[in-house]
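Asker: Sequence isn't available, so here's the structure alone:
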């Protein structure tokens, strides 16, 4: 072995010793995966819808019917009904004048709480103005008293299921002997306001009343809404921006649809429901109800 070869081998041996020594003493620097924080059920926060603004209902509120002025003294009869149409099952609360006649009909739609006593009281009040009112139950008897329960009502009852129920109720209402089938309107509050809009764009009605409910500014939806519309909204409603309401009004009028839209200052979501004691605004609510009666009387040909 010559000198150069020996030197080369020595250098290689020294390099290998250094390499292995370094590897043995080196710490693992491979980065760990970034931890992912998964909220526990207690940490999960539902996206606000605006309904929460009103708080939970106080069903013990005493004077539901006394808050709203009655313009006539018609006596009524009430009762629960069960409706079945082409496999669709629906229950409801029917109120009609006790004297037989031919009255306009109203499909009334509850808030996200369900068909509770407050909605039934409003059906009674409206029927005394000379209407046959069917307050439909879109939640199959489930009545929530907490926000969590109401949110569950919405999750478990998508529009593709509630629309056929309302259509079954509409058909039932039109077939009643004391109802003029050519004079039918829908009316709803909150969640029910959005459902009233949904029914209005899918059926031929004579009028649609929307109390702070979901609306649309999509012209492909609005083109189907040809009947007169009454919209009642609160300027402080966190779920329905005033700009959207004004655009809704503009588009309806531009296409020739009669639209009476009122936005009440100092009022938020659900301001017309007396059981929502945190949101209720008595003066605005009474004014809105009087406007509702006048609108229905005008468009449903009540003398």
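Answerer: All right, it came through fine. This is a predicted model, so every value here is computed, not measured.

Asker: now the residue minimising distance to the centre of the chain: how far from residue 201?
Answerer: Most central in the chain under Cα atoms, centre = their mean is residue 191, positioned 2.2 Å from the mean C-alpha point. Distance, residue 191 to residue 201, using Cβ to Cβ, to the nearest Å: 16 Å. Where C-beta positions appear, they are placed from N, C-alpha and C, glycine not excepted.

Asker: mind checking the SS state of the nearest residue to residue 67 once chain neighbours are set aside?
Answerer: Using Cβ to Cβ, 6 or more residues apart in numbering and skipping residues adjacent in sequence, the residue nearest residue 67 is residue 274, 5.5 Å away. Put simply, residue 274 is coil when judged by DSSP: H, G, I helix; E, B strand; the rest coil.

Asker: The one 4 residues further on too?
Answerer: For residue 278, the reduced secondary structure class is coil; criterion used: three-state DSSP.

Asker: any idea of the pLDDT on it?
Answerer: The score at residue 278 is 83. That number is its pLDDT.

Asker: any idea how far residue 224 is from it?
Answerer: Here the distance between residue 278 and residue 224 works out to 36 Å (Cβ to Cβ).

Asker: can you pull the buried residues of stretch 68-88?
Answerer: Within stretch 68-88, the residues that qualify as buried are 68, 74, 76, 81, 83, 85, counting by 16 or more other Cβ atoms under 10 Å.

Asker: The fourth one: helix or strand, and which one exactly?
Answerer: Think residue 81. Assigning secondary structure by DSSP states H and E places residue 81 in strand 76-85.

Asker: List phi and psi for residue 119.
Answerer: As for residue 119, its main-chain torsions (degrees, to the nearest 10) stand at phi -70, psi -40.

Asker: Skipping adjacent residues, who's closest to it in space?
Answerer: Spatial nearest neighbour of residue 119, excluding adjacent residues (Cβ to Cβ, 6+ apart): residue 110 at 4.4 Å.

Asker: Hmm, the one you found is touching residue 192, no?
Answerer: Yes - using Cβ atoms under 8 Å, residue 110 is in contact with residue 192, at 5.1 Å.

Asker: any shared contact partners between these two?
Answerer: Contact with both residue 110 and residue 192 is made by residues residue 119, according to Cβ atoms under 8 Å, 6 or more residues apart in numbering.

Asker: before we move on, back to that, next, the angle from the helix or strand following the strand holding residue 81 to strand 76-85.
Answerer: Downstream of strand 76-85, the next assigned helix or strand under DSSP H and E is strand 88-97. Relative orientation of strand 88-97 versus strand 76-85 (axes from the mean of the first three to the mean of the last three Cα atoms, to 10 degrees): 160 degrees.

Asker: Let's test this: mean pLDDT of stretch 110-124, rounded?
Answerer: 94.

Asker: Pull the contacting residues for the residue nearest to residue 277 when sequence neighbours are not counted.
Answerer: Leaving aside its sequence neighbours, residue 277 sits nearest to residue 58 (Cβ to Cβ, 6+ apart; 5.0 Å). Shown in contact with residue 58 (Cβ under 8 Å, 6+ apart): 275, 276, 277.

Asker: Do I have it right that the second one meets residue 57?
Answerer: Okay, so that is residue 276. Yes - under the criterion of Cβ under 8 Å, residue 276 makes contact with residue 57 at 6.0 Å.
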